[in-house]
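Enquirer: here's my sequence, what's the structure:
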Amino acid sequence: MNEIKENIIENELKYDNTTILTYKIKYPQIISSRYKLGKDIFNRYNERIVQDLKQYIEGELYLQAKEVYEYNKKQGYPVMVFEVILETKITYNQDKILSLYQDQYTFTGGAHGSTVRTSQNWNLAVARQIGLYMLYSNPYFLLDILRKINLQIANEKENYFDDSCELVLETFNPNQYYITKEGINIFFEQYDIAPYSTGIPVFLV
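Expert: Modelled structure (predicted):
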C-alpha cells in the first residue's frame, strides 16, 4: 500500500473589506511508494490540478464574485459569498494500483451550488493512468457496461429522468470511473441522467 497524505489549502478572498469568496482544496500527495517514478508523476499531476484551480478561483471566479458584490450592494441586497470546495476520496490503494475521485463543489448563487466529479486511476508501476478498456479482455465490454447500468436504473426508475436510457448513451464517458474492492464504478455528472435530488449517479459494474 502506498502512503498518502492529504494536503489542505484554504483562503478567504476579500473586496471592500468584505469576504466575497472562500475556497478549501484537499488534494493527495504520495509520501512513500515502491514506484518512485509513478509517485513523482502522480504528485506533479495533482499539484498541477491545484495550481490551475487556484488560478481560476483567484482570477476569473474572484472577478465574478466582485461584480456580484457590487451589484448586490447597489441594489441593497445582502452579501453573497462565493465558495469552492475540492474533496478527494481514495477508493483503492493496493500495490501499483491507486484509484480516487474528486468532487468540486462550487457555489455562485441560486438555490444551491453544483458538484463536478472527476477521477484518477493509476498504474504506478508504469507511471500512467489506466484507461477503462485496459480492464477488459472482451472487445464488446462497453455494451455489457451499458446493459448493467440500464438494469440498475430500471430497478430505481423514480430516481432518474424518463428518457434515462437514451441519456446514458449520450452522456456515458469512459473516463468517468473509479475502482473499489467491489469492482469498477461508473459515474455520471449531476443532471446527466437524473435530477439534482439524485446526486451523482454511480453504478457498480
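Enquirer: max-length strand in this structure?
Expert: Under DSSP state E, the strand in the chain containing the largest number of residues is strand 18-32.
Enquirer: for stretch 152-170, how far is the first residue from the last?
Expert: 17 Å (CA to CA, to the nearest Å).
Enquirer: contacts for the longest helix anywhere in the chain, please.
Expert: The helix that spans the most residues within the chain, counting by DSSP state H, is helix 36-56. The contact list for helix 36-56 (CB atoms under 8 Å, 6 or more residues apart in numbering) reads 2, 9, 23, 25, 27-30, 32-33, 84, 86, 96, 98, 102, 104, 120, 122-128. Where C-beta positions appear, they are placed from N, C-alpha and C, glycine not excepted.
Enquirer: give me that answer again for 10 Å
Expert: The contact list for helix 36-56 (CB atoms under 10 Å, 6 or more residues apart in numbering) reads 2-4, 7, 9, 11, 23, 25-33, 35, 61-62, 84, 86, 88, 96, 98, 100, 102, 104, 106, 118, 120, 122-129.
Enquirer: the longest strand of the chain vs helix 36-56, what angle?
Expert: 180 degrees (axes from the mean of the first three to the mean of the last three CA atoms, to 10 degrees).
Enquirer: what are the buried residues along strand 18-32?
Expert: Ile20, Leu21, Thr22, Tyr23, Ile25, Lys26, Tyr27, Pro28, Ile30 (16 or more other CB atoms under 10 Å).
Enquirer: that strand packs against which elements?
Expert: Counting contacts by 3 or more CB pairs under 10 Å, 6 or more residues apart in numbering; DSSP states H and E, strand 18-32 packs against strand 3-15, helix 36-56, helix 62-75, strand 82-94, strand 97-107.
Enquirer: could you check the angle strand 82-94 makes with that strand?
Expert: Using the same axes, to 10 degrees, strand 18-32 lies at 10 degrees relative to strand 82-94.
Enquirer: dump the residue contacts of the spatially most central residue of the chain.
Expert: In the chain, the C-alpha nearest the mean C-alpha coordinate belongs to Arg117, at 2.3 Å (CA atoms, centre = their mean). Neighbouring residues of Arg117 by CB under 10 Å, 6+ apart: 87, 89, 101-104, 176, 178, 187-190, 199-200, 202.
Enquirer: from these, pick the one nearest Leu167.
Expert: Phe188 (8.4 Å; CB to CB).
Enquirer: neighbours of the nearest residue to the closest one once chain neighbours are set aside, how many?
Expert: Nearest residue to Phe188, sequence neighbours excluded (CB to CB, 6 or more residues apart in numbering): Pro201, at 4.8 Å. Neighbourhood size, Pro201 [other CB atoms under 10 Å]: 21.
Enquirer: swap in Glu47?
Expert: 13.
Enquirer: ok, Asn17 next?
Expert: 5.
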